[in-house]
Each structure stands twice: as structure tokens, then as C-alpha cells.
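> any chance you can model this:
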Amino acid sequence: MRAIPLTLTALAAALALTACDNGGGSGAAGSESKAGAACAAGAVSLQVGSASVAPAAGDSGQVPVSITNQSAPCVLDHFPGVTLHQDGRTEKLPVQEGATAQKLKLAKGDSANFTISYVRGADAAKGAKAATIEITLPGGGEPQSFPWKYGPVAAKAGKTAPDASVSAFQQAGD
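Next up is the predicted model:
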């Protein structure tokens, strides 16, 4: 006979706990609906930062890219798309070997970043005469172009593809 009252009490407690977060609290259920839209290029600002430039042929360099949400909460899920424009050709850069995508939620004003890593070419004949990079986000929006000011990009051994790659998104700040 005691099983029924205990079951009803447990059910009532479970319903009360799930109702606590429907008002937009900071728990997972309320925040998921607020940050469910993908971050699109028009709703965030992209900035190519100061690079760790590869000084000589064969050296590695890194170009940081920061993303700041300018609008409603959004999500960065998967990897950024980066295309290198060179000598009339376009080459989409692969994801860095071993990189793992993570889902990042960005509130208005929050930032994230990723890095473009590359190997500097010896000269324009052996490396890509890169002119611009074009960045797209998994959420869509118009691609944004930036000048490439970091010298020629070496080709991968035995290939014509540039020796460059893109990291996963990382949360910036706190």
C-alpha cells in the first residue's frame, strides 16, 4: 500500500524539478533553446590577428582568426572553412590532423578563435602566390575575404595543394 504514495511523491518531485528551468534559467534545458541557431558570418565579426609569420622557407607560421558574436546567442559547430586564393586557383584548406570539433555556444559579445597553420614556401615558383583567404562559418552567411600577407605557402610534398591547415574553434576569454 505504501508503494503508490511513494511513487506519486517521486513523480511530483520529478515534475517540479523539470519545471524549474522552463523559465529560462541557466540550466541546460533553457540555454539550449536560446543558443540553438548556428553562428552566421553576418551576425559575427571576423578578425585576422597578428600572425606568427614563418620567416624563411620551410618554417611554420600561424595566423589566428577571432570571431566575436555581435547578435543573438548562436552556436559554432564543426570547423571553419578557409579557402586560399592563389594564381587564379582556389584551395580549400583541410582540418589539422588530429583536431576534434567541439560545439561552442556564444552569447552576444562572446568570442572564439581558430588558427590557420602553414609552411612558408621558398619562392613563388615553389610556393603558392597567395593573395587572399576566404573564411566561411558552418552556420552560413557570406564568405569574408582577407588579404594574405604572410609570404608564399609551400606545396605539400609531391602535391600541388598548399601545406596549410585549419584548427578547431576554441573558446576565447574566461
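> do a quick rundown of the strands in the protein.
Taking DSSP state E as the test, the strands found in the chain are 44-48, 60-69, 74-76, 81-86, 89-92, 104-106, 111-119, 127-128, 130-137, 140-147, 153-154, 164-166, 170-171.
> angle of the fourth one against strand 60-69?
Spelled out, that is strand 81-86. For strand 81-86 against strand 60-69, the angle between stretch directions is 130 degrees (axes from the mean of the first three to the mean of the last three C-alpha atoms, to 10 degrees).
> could you check the pLDDT of Ala57?
On pLDDT, Ala57 comes in at 89.
> can you report how many residues lie near it?
Residues lying near Ala57 (other C-beta atoms under 10 Å) number 15. C-betas here are computed from N, CA, C, even on glycine.
> and if you look at Glu91?
That count, for Glu91 with other C-beta under 10 Å as the rule, works out to 18.
> how close does the closest residue to it other than its chain neighbours sit to Asn69?
Spatial nearest neighbour of Glu91, excluding adjacent residues (C-beta to C-beta, 6 or more residues apart in numbering): Leu84 at 4.9 Å. Using C-beta to C-beta, to the nearest Å, we find Leu84 at a distance of 26 Å from Asn69.
> swap in Pro143?
18 Å.
> more neighbours, these two?
Neighbours were counted for Pro143 and for Asn69 using other C-beta under 10 Å; Asn69 has more, 21 against 15.
> identify the bridge partners of the more buried one.
In this entry, Asn69 is beta-bridged to Val44, by DSSP bridges.
> that one against Leu106, yeah?
Yes. Contact criterion C-beta atoms under 8 Å: Asn69 and Leu106 qualify, at 4.1 Å.
> any shared contact partners between these two?
The overlap between the contact sets of Asn69 and Leu106 (C-beta atoms under 8 Å, 6 or more residues apart in numbering) consists of 39, 44.
> dump the residue contacts of the nearest residue to Ala131 once chain neighbours are set aside.
Using C-beta to C-beta, 6+ apart and skipping the chain neighbours, the partner closest in space to Ala131 is His85 (5.4 Å). Counting by C-beta under 8 Å, 6+ apart, His85 touches 130-134, 145, 148.
> ok, back up a step: in contact with the residue nearest to Glu91, which residues?
For Leu84, counting by C-beta under 8 Å, 6+ apart, the contacting residues are 90-91, 93, 128, 130, 132-133, 148, 153, 162, 164.
> show the buried residues in those.
Burial by neighbour count, judged by 16 or more other C-beta atoms under 10 Å, picks out 91, 93, 128, 130, 133, 148, 153, 162, 164 from the contacts of Leu84.
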